[in-house]
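Enquirer: have a look at this fold, sequence not included:
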Ligand SMILES: C[S@@+](CC[C@H](N)C(=O)[O-])C[C@H]1O[C@@H](n2cnc3c(N)ncnc32)[C@H](O)[C@@H]1O
């Protein structure tokens, strides 16, 4: 059984909103199109993309929606009056979202949130139904697992980061299975957009690279994100790093996701007082590919 405590994640989501301003601004600019007046970010987390969209589309009304009040409070602070923040859940169908946005939307953005809905296709259908004729639905989901570490770290068996990704993938399946009323979606996001009645569904992926050596702030963020991921898989608090990834929350879980050998290696790598602390290395980097799937409402 896996439960995500979104309120417990609110601080991390805010840190992520603050740490990803460049990516958010670049993607928001790529979504600018004449006539985009009403925009909504569904499952907005710390409000990073909602703020970037408001800045890229100064004449537009931007509504940031999230199902968790503590998370929404972080979005409200981060967006500082640029965006209207509303509480509503994708799991309750289109009606509460429509009330929250209060007008047909020209652009709906949902990043790493639809995969938390019990019925993902129903959520995509609901989001598509909020669009004005010709409006666009953009789902930021998937991409490639980011790479940060050399293959051989000199601690534990080589390939530690790959095995962490695999453990997280198994965790993700268990998280989906744990959602009350969980419905499988055994096809990809462009297919889901098409089944929701949208046209010209396609995917754009953005590669982001920060070569080694990372700045102290970036290194801190990367190490914090690993700490969060290990805590998530072990259900334990090991410290107070804040992650910048698109993780899936602070969780309660009683399964073993990592081998004791890998767990021991991670503990050494994340121990600031130990000789193998990742935060003192100069060979960490960030290479990530994130995908945005876009569909258009018929005119
Ligand atoms: C992994 S976070 C992603 C946050 C943000 N969109 C981003 O990309 O950084 C998932 C967000 O979706 C929200 N969420 C989860 N289930 C939801 C639902 N059924 N309806 C609306 N929001 C939901 C969570 O509270 C959280 O803020």
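Expert: Right, received. Where do you want to start? What you see is a predicted model; the values in this text were computed from it and never measured.
Enquirer: which residues in the stretch 1-150 of the chain form helices?
Expert: 6-19, 21-30, 48-56, 69-79, 94-101, 120-128 (DSSP state H, counting those that start in this stretch).
Enquirer: comparing these, which gets the lowest mean pLDDT score?
Expert: Lowest mean pLDDT within these: helix 6-19, at a mean of 90.
Enquirer: list the contacts of the closest residue in space to residue 298 that isn't next to it in sequence.
Expert: The spatial neighbour of residue 298 that comes closest, neighbours along the chain excluded (C-beta to C-beta, 6 or more residues apart in numbering), is residue 199 at 6.1 Å. All C-beta spots, glycine's among them, are computed from the backbone N, C-alpha and C. Contact analysis of residue 199 by C-beta atoms under 8 Å, 6 or more residues apart in numbering lists 295-298.
Enquirer: and these as JSON lines, adding distance to residue 226 and pLDDT?
Expert: Formatted as JSON lines, the contacts of residue 199 follow (distance: C-beta to C-beta, whole Å; pLDDT from 0 to 100):
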{"residue": "295", "distance to residue 226": "34", "pLDDT": "98"}
{"residue": "296", "distance to residue 226": "38", "pLDDT": "98"}
{"residue": "297", "distance to residue 226": "40", "pLDDT": "98"}
{"residue": "298", "distance to residue 226": "44", "pLDDT": "97"}
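Enquirer: got CSV for those residues, with distance to residue 35 too?
Expert: Below are the contacts of residue 199 laid out as CSV (distance: C-beta to C-beta, whole Å):
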residue, distance to residue 35
295, 17
296, 13
297, 13
298, 16
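Enquirer: and the gap between the closest residue to residue 97 other than its chain neighbours and residue 42?
Expert: Nearest non-adjacent residue to residue 97, counting by C-beta to C-beta, 6+ apart: residue 88, 5.3 Å away. Relative to residue 42, residue 88 is positioned 8 Å away (C-beta to C-beta, to the nearest Å).
Enquirer: shared neighbours, those two?
Expert: Common neighbours of residue 88 and residue 42 (C-beta under 8 Å, 6+ apart) are 65, 97.
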